[in-house]
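Engineer: A structural model of the following input is requested.
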Amino acid sequence: MKVIVVGAGVVGTMHAWHAVKRGHKVVQIERESEARGASLRNFGQIWVSGRAGGEELETALRARELWEGIGVEVPELGFRPCGSLTPLRTGLEVAVAEAAVAREDAAARGYKLVTADEARAINPALRGAFASALWCERDAAVEPRTAQLALKRALLASGRYTFLGGREVREVVGTASVRDDHGDVHTGDAVVLATGAWLGGLVRELAGPGLPVRRVRLQMMQTDPLGDTLTTSIADADSFRYYPAYGGPALDALNDGQAQTPTASAHRMQLLMVQRRDGGLTIGDTHEYEHPFSFDTVEEPYEHLAGVVESFLGRPLPRIRHRWAGVYAQCTDTSRVVHRQQVSDGVWLVTGPGGRGMTCSPAIAEKTADELGW
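Structural biologist: Residues are numbered from 1 along each chain as shown. Have a look, this model is predicted:
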């Protein structure tokens with residue numbers, strides 16, 4: 001069969017990957033010359049630790065397994081099973097971690113509460129002051145700025161894949177057929193619209209005004225090389241407030257008894273940090289939900305994050321060399337892993353994974369392929 005994939009972000013590319021791996025032909029159409037959206041502007045984290053139980057955790061664990069397999073086939077992804085550490089300083093923070101370790105699914109996530117010395121043995125770059133840490137062995141990372149290009153090269157080598165960049169799909173013209181802005185019609189046996197945060201235009205026409213997906217904006221930064229090896233991803237205890245795995249009485253007590261700093265609260269912040277292969281640190285992030293989004297990147301969140309990182313590393317942060325903002329699509333019902341909807345004959349819309357898109361995309365695409373009988 002022939003599959004038309006619209007959108008070259010990680011969700012679209014994983015749909016292309018599964019289709020090609022199952023022996024089908026794929027035409028992937030991207031409105032930019034290459035992907036430029038959230039798939040390149042994220043941490044590259046394969047983040048199992050914070051996922052809600054049930055379907056979301058099952059999806060993340062399956063995706064983690066798939067990412068590792070793809071990483072063997074495509075070493076340029078930079079897949080590494082680095083795990084993550086969340087340093088803890090207060091009793092309220094430790095109580096949330098203790099509740100997480102007591103979960104029935106804690107072993108599946110690789111949770112373990114470790115002492116400060118044990119955390120430093122896992123990640124010697126953590127020279128700052130903290131009492132203990134939550135270790136999640138199952139977390140991993142890839143290189144987001146290069147992953148799409150590496151996957152594209154592997155797909156092209158199959159001989160069953162065509163990439164068409166710089167083309168915007170404008171309309172559905174028949175069963176499993178779309179027309180782009182060059183006037184060319186692309187016909188297959190199935191069309192997947194994996195358009196990420198592009199929710200207007202054709203997507204609005206097909207899905208209607210009630211699409212249960214919203215856009216979220218974030219700010220991030222990257223530093224010069226650290227000059228040291230960060231062997232794990234790093235989060236701070238504010239991340240407990242934003243990930244569903246940590247919900248419960250202990251988190252309620254943290255929220256009631258330990259306020260975020262004014263900057264972190266105003267920008268709905270958490271620290272997430274991953275070291276890139278060149279030694280630089282990708283650091284974030286903020287959450288902005290109200291539209292219209294600001295067009296400025298503001299400095300206060302960066303100053304807050306730098307202070308948190310320096311307190312964990314026990315040293316000054318390297319020079320910040322990049323600052324950027326990004327926008328991703330999230331289901332308004334945040335318990336849903338993704339919005340998957342047939343919007344026309346032979347045409348499916350797959351969007352809205354939110355901050356779990358990089359983590360879960362291989363498993364999301366696998367489920368689409370299974371449901372569509374590829």
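Engineer: where exactly do the strands run in the stretch 151-300 of the chain?
Structural biologist: For the stretch 151-300 of the chain, the strands defined by DSSP state E, counting those that start in this stretch cover 161-165, 169-174, 177-180, 185-187, 190-193, 213-223, 233-235, 272-275, 281-284.
Engineer: to Glu290, which of those lies closest?
Structural biologist: With C-beta to C-beta as the criterion, Glu290 lies closest to strand 213-223 of those, at 9.3 Å. Glycine gets a C-beta too; all of them are placed from N, C-alpha and C.
Engineer: how far does the host helix or strand of Leu85 sit from its chain's centre?
Structural biologist: Here Leu85, judged by DSSP states H and E, is contained in strand 84-88. Mean C-alpha position of strand 84-88 versus that of the full chain (C-alpha atoms, centre = their mean, to the nearest Å) differs by 19 Å.
Engineer: what about Arg64, distance to Gln45?
Structural biologist: According to C-beta to C-beta, to the nearest Å, Arg64 stands 11 Å off from Gln45.
Engineer: list the residues that contact both of these two?
Structural biologist: Taking C-beta atoms under 8 Å, 6 or more residues apart in numbering as the contact rule, Arg64 and Gln45 both touch 140, 359.
Engineer: these two: which has the busier surroundings?
Structural biologist: Ranked by neighbour count (other C-beta atoms under 10 Å), Arg64 and Gln45 place Gln45 first, with 25 against 22.
Engineer: ok, now which ones touch Ala99?
Structural biologist: Ala99 neighbours (C-beta under 8 Å, 6+ apart): 246, 248-251.
Engineer: the residues you listed, buried ones only, as a PyMOL selection?
Structural biologist: PyMOL command restricting these to the buried ones, with burial defined by 16 or more other C-beta atoms under 10 Å:
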select buried, resi 246+250+251
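Engineer: report the buried residues of the helix or strand where Thr359 lies.
Structural biologist: In the assignment (DSSP H and E), Thr359 maps to helix 357-372. Neighbour-count burial for helix 357-372 flags 357-369, 372 (criterion: 16+ other C-beta under 10 Å).
Engineer: same deal with stretch 252-268?
Structural biologist: Buried residues in stretch 252-268, defined by neighbour count with 16+ other C-beta under 10 Å: 254, 260, 263-264, 267-268.
Engineer: any idea how far it is from the chain center?
Structural biologist: 23 Å.
Engineer: closest one to Ala325 among the strands of the stretch 151-300 of the chain?
Structural biologist: Closest among the strands of the stretch 151-300 of the chain, using C-beta to C-beta: strand 213-223, at 5.3 Å.
Engineer: what residues sit buried inside the strand holding Leu85?
Structural biologist: Neighbour-count burial for strand 84-88 [16+ other C-beta under 10 Å]: 84-88.
Engineer: could you point out the longest helix in the chain?
Structural biologist: Longest helix in the chain, counting residues (DSSP state H): helix 55-73.
Engineer: against Glu205, how distant is Met273?
Structural biologist: As judged by C-beta to C-beta, Met273 and Glu205 stand 40 Å apart.
Engineer: should've said Ala363
Structural biologist: 29 Å.
Engineer: thinking again about what came up before, could the contacts of Ala99 be laid out in a markdown table, adding pLDDT?
Structural biologist: Shown next, in a markdown table, are these (pLDDT from 0 to 100):
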| residue | pLDDT |
| --- | --- |
| Tyr246 | 97 |
| Gly248 | 97 |
| Pro249 | 98 |
| Ala250 | 98 |
| Leu251 | 98 |
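Engineer: quick one, the longest helix of the chain and helix 357-372 angle?
Structural biologist: Using axes from the mean of the first three to the mean of the last three C-alpha atoms, to 10 degrees, the direction of helix 55-73 lies 100 degrees away from that of helix 357-372.
Engineer: quick one: mean pLDDT for helix 55-73?
Structural biologist: Throughout helix 55-73, pLDDT has a mean value of 97.
Engineer: which other helices and strands does it contact?
Structural biologist: With contacts defined as 3 or more C-beta pairs under 8 Å, 6 or more residues apart in numbering; DSSP states H and E, the packing partners of helix 55-73 are strand 45-46, helix 106-109, strand 140-141, helix 357-372.
Engineer: among these, which is nearest Tyr302?
Structural biologist: It is, among these and with distance given as C-beta to C-beta, strand 45-46, at 19.3 Å.
Engineer: pull up the pairing partners for that closest one, direction included.
Structural biologist: Strand 45-46 has the following strand partners under DSSP bridges: strand 140-141 (antiparallel).
Engineer: can you give me how far the partner strand is from the chain middle?
Structural biologist: Remark: strand 140-141 is offset 11 Å from the chain centroid, using C-alpha atoms, centre = their mean.
Engineer: that older thread, can I get the strands of the stretch 151-300 of the chain in TSV with mean neighbour count and distance to Gly346?
Structural biologist: Shown next, in TSV, are those (neighbours: other C-beta atoms under 10 Å; distance: least, C-beta to C-beta, whole Å):
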stretch	mean neighbour count	distance to Gly346
strand 161-165	17	18
strand 169-174	16	8
strand 177-180	19	8
strand 185-187	16	9
strand 190-193	26	6
strand 213-223	20	21
strand 233-235	26	40
strand 272-275	25	38
strand 281-284	23	38
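Engineer: nearest to His291, of these?
Structural biologist: His291 lies closest to strand 213-223 among those, at 7.2 Å (C-beta to C-beta).
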